[in-house]
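[1] Mind looking at a prediction? Sequence and model below.
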Amino acid sequence: MPATLKASRGAPHARILGVGGYRPTRVVPNAEILQHIDSSEEWIRSRSGIVTRHWAGEDETVAEMAIAAAGKAIADAGITAEQVDAVIISTVSHFAQTPAIATLIGHRLGARRPAAFDISAGCAGFVYGITLAKGLIMEGSATYALVIGAERLSDLTDREDRSTAFLFGDGAGAVVLGPSEQPAIGPTVWGSEGDKADVITQTVPWDRYAPGDKFPAIRQEGQTVFRWAVFEMARVAQQALDAAGITVADLDVFIPHQANMRIIGSMVKTLKLPEHVAVARDIETTGNTSAASIPLAMERMLATGQAKSGDTALVIGRARRASRLRAG
């Protein structure tokens, strides 16, 4: 007879216990971007809503920013780094293929041999990490999990590309998830569209890059991305609300990926969000930080009082979820 496996059991639910963020010290205004492209302040603001962004200095690596944000999240959660059982980081701008940067981060923080791995899922990576961490806690292989989004997109920005030079910024955001007796993170509605793989891509694959060549950069078809984001993300956001069993009237906060202010505004209209719902618009002073954008926006909303512990929030990237914020 086959052996009977013992089923592992964890917490009945999981919740966000702490939030932290790190923004590089250097603030880059649009005027600096305009030194390299033929455009105007008004054009950048009207197209993206961005006024400034943060660019990392030489010592503000992906790892250092992630560690700074994670340390704040751990302190906010009221636990110690030694209690962290899993470290998950989403980034597309850490250029070493191996080892996983999550292992270094866990070690530097003082975690005791945690599970540690990286995710490369771009703007969706942070919410992918939340879903994975929730599963680890409910499955029983972790009590506390650290999820980080960290990017140095200035390294992947073609500063002479008029369509993208003004978009990207650097930074890191992190959350700590832990056990909960009540549902606090709703179901995830997620997926991918491989037929649109060429809409946002890297100009040159790493295996074709040679010293002396122009460094690889992020390239995107702006109009295609805009149309997809406005209609498809709003549709899936509604699916997430339906899966969670709530309506827009139940929301307190809306935290979309900070890609473009026009996209955010269009989603608010398409979803018909009530006026009482606070909307994250961190892109104005932070830019698009890909995997870091949602936790950075979350951190700022909590710090400024736009959101508070226990609020019900719809969070959406390229993966989508409805969840209840719980910080501190």
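    Here it is on my side, so go on. Please read these numbers as outputs of a predicted model, since none were measured by experiment.
[2] Residue 235: which element?
    Residue 235 belongs to helix 234-244 when assigned by DSSP states H and E.
[3] list the buried ones in the helix or strand hosting residue 47?
    If you go by DSSP H and E, residue 47 is part of helix 41-48. The neighbour-count check on helix 41-48 (16 or more other Cβ atoms under 10 Å) flags 44, 47, 48 as buried. Any C-beta I mention is one placed from the backbone N, CA and C, and that applies to glycine too.
[4] can you redo these as CSV with pLDDT and distance to residue 250?
    Converted to CSV, those look like this (pLDDT from 0 to 100; distance: Cβ to Cβ, whole Å):
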residue, pLDDT, distance to residue 250
44, 96, 36
47, 89, 33
48, 93, 30
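[5] my guess is residue 295 meets residue 175, correct?
    Yes. Residue 295 lies in contact with residue 175 (Cβ atoms under 8 Å); the separation is 5.9 Å.
[6] what's the overlap in contacts for those two?
    The contact sets of residue 295 and residue 175 overlap at 19, 20, 147 (Cβ atoms under 8 Å, 6 or more residues apart in numbering).
[7] Which residue, other than its chain neighbours, is closest to the second one?
    The reference is to residue 20. residue 72 (2.8 Å; Cβ to Cβ, 6 or more residues apart in numbering).
[8] if I pick the one you found, what's in contact with it?
    Per Cβ under 8 Å, 6+ apart, neighbours of residue 72: 18, 19, 20, 21, 22, 174.
[9] and stretch 14-21, average pLDDT?
    Regarding stretch 14-21, the rounded mean pLDDT is 97.
[10] whoops, stretch 53-68 was the one
    Mean predicted lDDT for stretch 53-68 stands at 98.
[11] Low-confidence bits of the stretch 51-200 of the chain, can you list those?
    Counting by pLDDT under 70, the low-confidence segments of the stretch 51-200 of the chain come to 193, 196-197, 199.
[12] tally of neighbours for residue 304?
    Neighbour count of residue 304, defined by other Cβ atoms under 10 Å: 10.
[13] my bad, should have said residue 59
    Using other Cβ under 10 Å, residue 59 is surrounded by 7 other residues.
[14] what are the ranges of the helices in the stretch 51-200 of the chain?
    Assigned by DSSP state H, counting those that start in this stretch, the helices in the stretch 51-200 of the chain fall at 62-77, 101-109, 125-139.
[15] Let me know the outermost residue of the chain.
    Distance from the centre of the chain peaks at residue 1, with 46.9 Å (Cα atoms, centre = their mean).
[16] number of nearby residues for residue 161?
    Residue 161 has 17 neighbours, counted by other Cβ under 10 Å.
[17] could you list every residue that touches it?
    37, 217, 219.
[18] roughly how far apart are the last one and residue 285?
    If you measure residue 219 against residue 285 using Cβ to Cβ, to the nearest Å, the figure is 25 Å.
[19] With residue 81 instead?
    Residue 81 is 30 Å from residue 285, where distance means Cβ to Cβ.
[20] Packing partners of the helix holding residue 235?
    Identification of packing neighbours for helix 234-244 by 3 or more Cβ pairs under 8 Å, 6 or more residues apart in numbering; DSSP states H and E yields strand 185-189, helix 261-271, strand 312-316, strand 320-324.
[21] Reformat the shared contacts of residue 295 and residue 175 as JSON lines; add distance to residue 180 and neighbour count.
    JSON lines is the format used below for those (distance: Cβ to Cβ, whole Å; neighbours: other Cβ atoms under 10 Å):
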{"residue": "19", "distance to residue 180": "16", "neighbour count": "28"}
{"residue": "20", "distance to residue 180": "19", "neighbour count": "26"}
{"residue": "147", "distance to residue 180": "15", "neighbour count": "29"}
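[22] quick one: which of those residues is nearest residue 127?
    Distance to residue 127, by Cβ to Cβ, is smallest for residue 147 among the shared contacts of residue 295 and residue 175, at 9.1 Å.
[23] Does that closest one touch residue 84 like I think?
    No. The pair residue 147 / residue 84 is not scored as a contact, 10.6 Å apart, by Cβ under 8 Å.
[24] Which of the contacts of residue 161 fall in strands?
    residue 219 (DSSP state E).
[25] now the contacts of residue 161 in TSV, with neighbour count and pLDDT?
    As requested, the contacts of residue 161 are arranged in TSV below (neighbours: other Cβ atoms under 10 Å; pLDDT from 0 to 100):
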residue	neighbour count	pLDDT
37	18	95
217	19	77
219	17	81
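[26] ok, now how distant is the closest residue to residue 145 other than its chain neighbours from residue 174?
    In space, and not counting its chain neighbours, residue 145 is closest to residue 133: 3.7 Å by Cβ to Cβ, 6+ apart. Residue 133 sits 11 Å away from residue 174, going by Cβ to Cβ.
[27] Many thanks, have a good one.
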